[in-house]
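J.: Sequence and computational prediction follow.
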Amino acid sequence: MFAALVLDDGVVLEGEGFGYPKTVFGEAVFNTGMVGYIETLTDPSYKGQILSITYPLVGNYGVPDPAVTDDSGIPLNFESDSIQVRGLVIHELTKVASHWNLSMTLDEWLYKNNIPGISGIDTRHLTKSLREDGVRMAALKVSEHPIDTDILKEQLPDAPQYNSEHLVDDVSTRKHLTFGSGRNVVVVDTGAKNAILRHVVNLGYRAVKVPYNTKVSDILSYDPAGVIISNGPGDPIHCPDTIHAARKILDEDIPMLGICLGAQIISLAGNAKTYKLKYGHRGQNKSCLDVSTGQVHVTSQNHGYAISPESLADSEFDLWFTNTDDGTVEGIRHKTRPCIAVQFHPEASPGPYDCEFIFKELQSMMEDPRPA
């Protein structure tokens, strides 16, 4: 099929289409991971975005069966129920895949999920452009017929802008769902990855996933041992109900962990501020410094917004982690309450599992919630 990617600065990149033939608009971003495209594409944090994968060869191990779950009923290989990106941009598509749990190819999977993809793109050039000028809006069209890119250029300015979309409402659960057994840990779903639920269950707790706008009284009705505010897409200022809930949970002294978007939401609840990064942090090889120990951890990340370091001085938080590449805030601790938050993904999936200890930190607070 024919395919074209049009950026809002007028650049046109043409290639070969795969997946589902359609036109989509979204924020163009890149991910530096070498593996893990299945987990990446199903990460709700990518809602509203057209993703370019920098590793040149994608699809060689195909896609496993989406119906496979673990013993708790949590999907084993997917981070949500469907592909979350609006479109996929890669350099080379492997059309013949091989793996012991192969169920379908990447091309077939995208087609079943109505997601367009473009291959044959110089993703190095695209990545350098996004690094230099920042992420930008784009149009991606896959068609069985030649594409008039001038029409895409005309349509792009009228497409919904990523910064203004309320994407959390699109990805959050509508129901209260439970997994595992034991004391309750409420996971406020602002786009929660399944790996977060699995880590809660593996610690011996019952994971209770609730909508992002759940009332505080409903959260408290579970008598939670702790609360996790999850990762998710978009600007945290579009989550006022969740920010309000985080404030109330802080006041109740209930142990709380924020992950990615959840970290930003918690920071806003504690008088810090957030801002949008130029091109974000997306990949599985991002190094972060624990400022209290001097130890560096390799982390998995996917965030386009961050906590303002200057705002921490007048907030309720102390700095915990920084990014060794650009010095941005990657983690905070509450000064007096049992609350921690990190921008990276301690649950990994995909990526290194170096930071699973963050969940142990939450567990320690749940066992002894009062700071020393």
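T.: Looks like it came in fine. Owing to the predicted nature of the structure, the values given are computational and were not obtained by experimental measurement.
J.: what residue ranges in this structure score low on pLDDT?
T.: Applying pLDDT under 70 to the chain picks out residues 369-372.
J.: quick check: domain ranges of it?
T.: Residue ranges for each domain of the chain read 2-164, 168-367, as given by automatic domain parsing.
J.: Of those, flag the one that's most buried.
T.: The highest average neighbour count among these, using mean count of other CB atoms under 10 Å, belongs to domain 168-367 at a mean of 21. Yep, even glycine has a C-beta here, placed from its N, CA and C like the rest.
J.: From the chain's centroid, how far away is it?
T.: Distance of domain 168-367 from the chain centroid (CA atoms, centre = their mean, to the nearest Å) equals 11 Å.
J.: Equivalent analysis for stretch 61-73, please.
T.: Its chain's C-alpha centre lies 20 Å from the corresponding centre of stretch 61-73 when counted by CA atoms, centre = their mean.
J.: start to end distance for it?
T.: End-to-end distance for stretch 61-73: 24 Å, by CA to CA, to the nearest Å.
J.: Tell me which residues are up against it.
T.: Here stretch 61-73 makes contact (CB atoms under 8 Å, 6 or more residues apart in numbering) with 38, 75-78, 97-99, 101-106, 108-109, 179-180, 197-198, 201.
J.: How about stretch 102-115?
T.: For stretch 102-115, the surrounding residues in contact (CB under 8 Å, 6+ apart) are 18-20, 22, 37, 58-59, 61-66, 82-83, 85-88, 93-97, 116-117.
J.: Looks to me like Ala272 is in a strand.
T.: No. With DSSP: H, G, I helix; E, B strand; the rest coil as the criterion, Ala272 is coil rather than part of a strand.
J.: dump the residue contacts of it.
T.: Here Ala272 is in contact with 307-308, 311-312, 315-317, 332 (CB under 8 Å, 6+ apart).
J.: Could you do Glu16 as well?
T.: By CB under 8 Å, 6+ apart, Glu16 lies in contact with 1-3, 93, 118-120.
J.: From Leu57, how far out is it?
T.: Distance of Glu16 to Leu57, given as CB to CB, to the nearest Å: 15 Å.
J.: Check Asn113 too.
T.: Going from Asn113 to Leu57 by CB to CB gives 21 Å.
J.: returning to that earlier point: where strands are concerned, which of the contacts of stretch 102-115 count?
T.: Residues of those located in strands (DSSP state E): 18-19, 58, 87-88, 93, 116-117.
J.: ranges for the helices of the stretch 251-372 of the chain?
T.: 261-269, 357-367 (DSSP state H, counting those that start in this stretch).
J.: Switch these over to TSV; also include distance to Gly234.
T.: Formatted as TSV, the helices of the stretch 251-372 of the chain follow (distance: least, CB to CB, whole Å):
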stretch	distance to Gly234
helix 261-269	8
helix 357-367	23
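J.: Out of these, the one nearest Leu152 is which?
T.: Distance to Leu152, taken as CB to CB, is lowest for helix 261-269 among the helices of the stretch 251-372 of the chain, at 29.9 Å.
J.: packing partners for that closest one?
T.: Judged by 3 or more CB pairs under 8 Å, 6 or more residues apart in numbering; DSSP states H and E, the packing partners of helix 261-269 are strand 226-229, helix 240-251, strand 256-259, strand 274-290, strand 296-307, strand 329-334, strand 339-342.
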